[in-house]
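In: Can you look at this prediction? I've put the sequence above it.
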Amino acid sequence: MGASTRLLCAVIMGAPGSSKDTVLSCIIKHLELKHLSSGDLLRQNMLLGTESGVPAKTLIDQGKLIPDDVMTPRALHELKNLMEHSWLLDGFPRTLPQAEALNKAYQIDTMINLNVPFYVIKQRLTARWIYLASGRVYKIEFNPPKTVGIDDLTREPFVQREDDKPDTIDSNHFVW
Ligand code: AMP
């Protein structure tokens, strides 16, 4: 993007199961902007075993949100490194205080909200199972495993992500 072009600050919001990744990759493919995902940021910290990464793993595994006083400075710090670029923020903000802090720090040009009916999301997520060791994902309707509950390749049992379980989806309903 040329120096005279105004940079774009955009946010995409959508619950898990709203096909956000598909829409995102389409936007990123066609527009020259940086993608910042708060979930990826946290997973990087978890992999590196940083001070914030270790407690984050416990919360994520339980399907809970990272507290605002940890998440907000982390995300805003990361955005500072993108000053020279247009960006698309994904997964942040997820709470009102996060949204207020972002709004105070940046003028957001575009907000994309994927408005998928809750019953469709619940149907999609509760039909999604994952084999943890490899990350292989099965969707009960579209690519079911050969044997219910068993990974096709290793024959080991697979699990449902904590945040894909119906109870977690219900309790997170208003915070995505
Ligand atoms: P995601 O990859 O966006 O689905 O994020 C994975 C997990 O990271 C979420 O289920 C939350 O536990 C945590 N997380 C990601 N973004 C945020 C955020 N903005 N605020 C709090 N927790 C978050």
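Out: Structure's in. What do you need? Numbers count the residues shown, from 1 in each chain.
In: Tell me how many other residues surround Thr146.
Out: Just so we're on the same page, residue 146 is Lys rather than Thr. Using other CB atoms under 10 Å, Lys146 is surrounded by 9 other residues. Every C-beta, even on glycine, is put in place using the N, C-alpha and C of the backbone.
In: what's the lengthiest helix in the chain in contact with?
Out: Identified as the longest helix of the chain according to DSSP state H is helix 68-80. Among residues not part of helix 68-80, those counted as contacts by CB atoms under 8 Å, 6 or more residues apart in numbering are 36, 38, 41, 52, 55-56, 65, 87, 89, 92, 94-95, 97-98, 101-102, 105-106.
In: Any of these buried? List them.
Out: With burial judged by 16 or more other CB atoms under 10 Å, the buried subset of those is 36, 38, 41, 52, 56, 65, 87, 89, 92, 94-95, 98, 101-102.
In: from the residues you listed, which ones fall inside helices?
Out: In helices, defined here by DSSP H, the members of the buried ones among the contacts of helix 68-80 are 38, 41, 56, 98, 101-102.
In: Run a quick neighbour tally on the closest residue to the ligand within the chain.
Out: Nearest residue of the chain to the ligand: Gly39, at 2.0 Å (CB to the nearest ligand atom). Using other CB under 10 Å, Gly39 has 14 neighbouring residues.
In: now swap in the one 5 residues further on and tell me
Out: Other residues within reach of Gln44 by the criterion other CB under 10 Å amount to 12.
In: Helix, strand, or coil at it?
Out: helix (DSSP: H, G, I helix; E, B strand; the rest coil).
In: In contact with it, which residues?
Out: Applying CB under 8 Å, 6+ apart, we find Gln44 in contact with Gly53.
In: at contact distance from the ligand, anything in stretch 73-93?
Out: Yes. Stretch 73-93 comes into contact with the ligand (CB under 6 Å from any ligand atom), by way of 91-92.
In: Could you do stretch 46-60 as well?
Out: Yes. Stretch 46-60 comes into contact with the ligand (CB under 6 Å from any ligand atom), by way of 59-60.
In: List the buried residues of that stretch.
Out: Buried-residue list, stretch 46-60, by 16+ other CB under 10 Å: 46, 52-53, 56-57, 60.
In: What residues does Tyr131 make contact with?
Out: 137-138, 151, 154, 156, 158-159.
In: if I read this right, Cys9 contacts Trp87, doesn't it?
Out: Yes. Cys9 is within contact range of Trp87, at 6.2 Å (criterion: CB atoms under 8 Å).
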